[in-house]
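Student: Dropping the sequence and predicted coords here.
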Amino acid sequence: MTSPYKKTIAIVSLIIAGEIIFALPFHLARFFRPTLLEVLQLTPTQLGATQGIYGIIAMLSYFPGGFLADRFSTHKLLAISLWMTALGGLFLASSPNYYESLFLFAFFGITTIMLFWGALIRATREWGGLHQQGVAFGLLEGGRGLLAVSLASLGVLLFEWSFPLGYDSASLAEKQSTFNIVIYSYTAITALTGVLVWLSLQQGPNLIKQHSLSQSYQSVSKHFNYVLRLPAVWWQATIVLCAYVGYKSIDHLSLYAVDVYGYDAIEAAKLVTLAAWMRPIVAVVTGLIADRFNPIKMLMLCFIVLLISNLYFSFSTPQFSLSGLLVTNVLITCTAVFALRALYFAVFQSYQLPINVTGTAVGVISVIGFLPDVFVLYVAGKFVDSYPGLQGHQFFFLFLACFSLAGMLASYKLKKYKK
């Protein structure tokens with residue numbers, strides 16, 4: 001029987017690894033987007049293209065990653081992935097040009113997904129057992145959120161201390177020097193987390209139960225065919241897709257605040273960081289509630305809230321004097337998004353997916369569900385570049401509202417299937 005101490009260490013390790021692996025490819029663009037564009041001399045469309053390349057490579061990595069997760073040791077897959085990602089961070093600190101950035105984000109697509117994602121989700125599901133799926137995924141999402149916002153807050157403080165006369169008064173060299181400190185910090189933490197995971201999860205069969213493959217689904221093809229025949233898997237994949245579109249839109253909020261409300265880069269970073277502080281609270285509370293109520297109904301409610309929020313952004317006419325409304329709606333948007341992230345992998349148990357095909361199911365769902373990595377920020381960049389000012393942003397939020405509606409409908413279909 002696994003001791004409470006070992007079980008606690010296991011989930012803490014999974015939480016840290018689950019967030020820090022994405023710090024280099026995503027945190028920098030989310031919290032310091034204007035600075036990233038300036039230092040790397042990229043346009044919004046070019047940055048969207050680099051993350052689109054990441055999404056394409058990631059999509060191709062989910063299938064093999066899912067099979068690997070059902071067959072190899074969790075601690076090895078997670079640790080190797082973290083160390084490879086840290087190597088990419090060293091290259092990022094050299095301020096790569098546009099074409100080098102495309103290569104780097106393609107590399108990140110392999111290191112953060114193929115060896116990592118399926119193993120993380122399977123390990124978390126096993127940790128939660130039969131009756132604590134909401135708690136398991138709520139803790140994972142909430143803990144990841146707490147780590148993300150803590151690191152981002154330190155980064156924002158570093159920027160404030162580095163530019164006492166204001167961000168806009170600093171030279172490009174000064175901005176680049178400070179930004180590199182943030183990159184090196186993320187890189188070091190990523191590498192050290194690989195060591196933590198290797199040491200804390202290496203007793204896999206004793207710490208996180210490794211289920212042997214059943215005779216019925218022993219081959220790769222049988223695993224794959226079994227998962228593809230489940231309608232619930234396809235509805236869940238659609239839910240993840242629509243929820244992840246909403247999550248990717250958070251990366252756009254800092255640029256929206258700068259372009260439309262006149263925030264500077266530091267003020268915009270503070271706004272997104274403030275919203276990100278809600279992630280750990282919302283995710284944990286959502287996970288606890290989900291184990292007592294119907295998680296699929298909660299998914300529907302979250303999509304309704306997100307739909308209303310995106311429609312407000314689409315049709316409102318912002319004024320700087322009304323920036324309080326911006327803050328309020330950003331917080332509402334992020335509450336719905338963070339709740340969705342805590343729920344969308346916690347419904348496996350609702351339709352009793354066999355645990356020995358979890359990795360394969362995660363691979364199938366993720367290929368569809370995380371397609372937004374390919375197109376969301378690219379679409380945002382095209383709207384902003386093609387329709388400068390408020391109009392481009394409004395078109396983008398209307399685009400987001402369509403996915404919120406689709407997610408609500410998919411949640412309803414999954415609820416009916418469960419019935």
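Tutor: It's in.
Student: Secondary structure element holding residue 339?
Tutor: Using DSSP states H and E, residue 339 sits in helix 323-343.
Student: Could the C-alpha coordinates of that helix be exported in PDB?
Tutor: Provided in PDB are the C-alpha atoms of helix 323-343 (Å, rounded to 0.1, in the frame of the first residue of the first chain):
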ATOM      1  CA  SER A 323     -10.900  49.500 -17.700                       C
ATOM      2  CA  GLY A 324     -12.500  48.000 -14.600                       C
ATOM      3  CA  LEU A 325     -14.900  46.200 -17.000                       C
ATOM      4  CA  LEU A 326     -11.900  44.800 -18.800                       C
ATOM      5  CA  VAL A 327     -10.500  43.500 -15.600                       C
ATOM      6  CA  THR A 328     -13.800  42.000 -14.500                       C
ATOM      7  CA  ASN A 329     -14.400  40.200 -17.800                       C
ATOM      8  CA  VAL A 330     -10.800  38.900 -18.000                       C
ATOM      9  CA  LEU A 331     -11.400  37.400 -14.500                       C
ATOM     10  CA  ILE A 332     -14.700  35.900 -15.600                       C
ATOM     11  CA  THR A 333     -13.100  34.500 -18.800                       C
ATOM     12  CA  CYS A 334     -10.200  32.900 -16.900                       C
ATOM     13  CA  THR A 335     -12.500  31.400 -14.200                       C
ATOM     14  CA  ALA A 336     -14.400  29.600 -16.900                       C
ATOM     15  CA  VAL A 337     -11.300  28.500 -18.700                       C
ATOM     16  CA  PHE A 338      -9.500  27.200 -15.600                       C
ATOM     17  CA  ALA A 339     -12.600  25.300 -14.500                       C
ATOM     18  CA  LEU A 340     -12.800  23.600 -17.900                       C
ATOM     19  CA  ARG A 341      -9.200  22.600 -17.700                       C
ATOM     20  CA  ALA A 342      -9.700  21.000 -14.300                       C
ATOM     21  CA  LEU A 343     -12.700  19.000 -15.700                       C
END
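Student: any idea how far that helix is from the chain center?
Tutor: 15 Å (CA atoms, centre = their mean, to the nearest Å).
Student: Could you do stretch 342-354 as well?
Tutor: With CA atoms, centre = their mean, you get 18 Å for stretch 342-354.
Student: Next secondary structure after the helix or strand of the chain with the lowest mean pLDDT?
Tutor: Sorting the helices and strands of the chain by mean pLDDT, DSSP states H and E puts helix 204-207 at the bottom, at a mean of 42. Scanning forward in sequence from helix 204-207 by DSSP H and E, the next helix or strand is helix 220-228.
Student: Let me know the next secondary structure element after that following helix.
Tutor: Beyond helix 220-228 on the C-terminal side, the first helix or strand identified by DSSP H and E is helix 231-261.
Student: What is that next one packed up against?
Tutor: For helix 231-261, the packing partners by 3 or more CB pairs under 8 Å, 6 or more residues apart in numbering; DSSP states H and E come out as helix 28-31, helix 33-40, helix 265-276, helix 295-315, helix 323-343, helix 358-369, helix 372-386, helix 390-418. The C-beta positions use only the backbone N, C-alpha and C, and glycine is treated the same way.
Student: buried ones in the helix holding residue 339?
Tutor: For helix 323-343, the neighbour count (16 or more other CB atoms under 10 Å) marks 323, 326, 329-343 as buried.
Student: Report the angle between the one helix or strand residue 54 maps to and helix 358-369.
Tutor: Using DSSP H and E, residue 54 maps to helix 44-69. With axes from the mean of the first three to the mean of the last three CA atoms, to 10 degrees defining the directions, helix 44-69 sits at 160 degrees from helix 358-369.
Student: Next, the angle from helix 44-69 to helix 220-228.
Tutor: Calculated by the same axes, to 10 degrees, helix 44-69 forms an angle of 120 degrees with helix 220-228.
Student: Can you give me the buried ones in helix 44-69?
Tutor: 44-59, 61-63, 65-69.
Student: Equivalent analysis for stretch 94-101, please.
Tutor: Residues of stretch 94-101 classed as buried by neighbour count (16+ other CB under 10 Å): 96, 101.
Student: What are the contacting residues of it?
Tutor: The contact list for stretch 94-101, computed with CB atoms under 8 Å, 6 or more residues apart in numbering, reads 39-42, 46, 50, 91, 103-104, 176.
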